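*Asks:* The following block contains a protein sequence and its predicted model.
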Amino acid sequence: MDRDHGDVPDGNHIDPRFVFANERTFLAWIRTALALITAGLAVTQFFRPLTVPGASIAIGITLIGAGAVLSFASYREWHKDERMMRRGETIPEARFPRYLAITIGLVAVAAVILVALEPLPRG
C-alpha cells in the first residue's frame, strides 16, 4: 500500500519517475510564478513612470497577478494530476499554459506600445 500523501488519497502504485516528473513540472511553474511576481515588483518599483499615467503600475500589477494566479493554478494542477495518476486515469491536457502565454504576450504588446509612445530623450 502506498504511503499517505496528505490530502491525496492512496491508490494504485505509481512509477516514482512519473511522481517526480509531476513534481518537477509543479516546481517549474512555481519558478515561473516567482519570476512573474519579481518582474512585476521590479516594474512598479524601479522603472521610471511612462507618459501614460499609471501604465508602469498597471503592467506591474498584471504581472504580479499573473504570478499569483499561476502559483495557485500550478498547485491545483499538481494535486489533480497526482490524484489521477493514482487512480490510473488519463491526465488531460493542461489549459493554463495557453492562458499564461496569452497574458504574457498581451502584457508584452502593451509594454511595447507604451514604450513606443514615449518621447525620445534629448541629448
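*Replies:* In hand now; what should we look at?
*Asks:* Break down this protein into its helices, ranges please.
*Replies:* Secondary structure of the chain (DSSP state H): helices located at 16-46, 55-87, 96-116.
*Asks:* If you compare the directions of the second one and helix 16-46, what angle comes out?
*Replies:* Here helix 55-87 runs at an angle of 170 degrees relative to helix 16-46 (axes from the mean of the first three to the mean of the last three Cα atoms, to 10 degrees).
*Asks:* Quick check: which helices or strands does helix 55-87 pack against?
*Replies:* Under the contact definition 3 or more Cβ pairs under 8 Å, 6 or more residues apart in numbering; DSSP states H and E, helix 55-87 sits against helix 16-46, helix 96-116. In this view, the C-beta of every residue, glycine as well, is placed from N, C-alpha and C.
*Asks:* Now do the most centrally placed residue in the chain against Q45, distance only.
*Replies:* A centroid search over the chain (Cα atoms, centre = their mean) returns L70, at 3.4 Å, as the residue closest to the centre. Separation of L70 from Q45 (Cβ to Cβ, to the nearest Å): 21 Å.
*Asks:* picking that back up, do I have it right that the residue nearest to the centre of the chain meets L100?
*Replies:* Yes - using Cβ atoms under 8 Å as the test, L70 is close enough to L100 to be in contact (6.1 Å).
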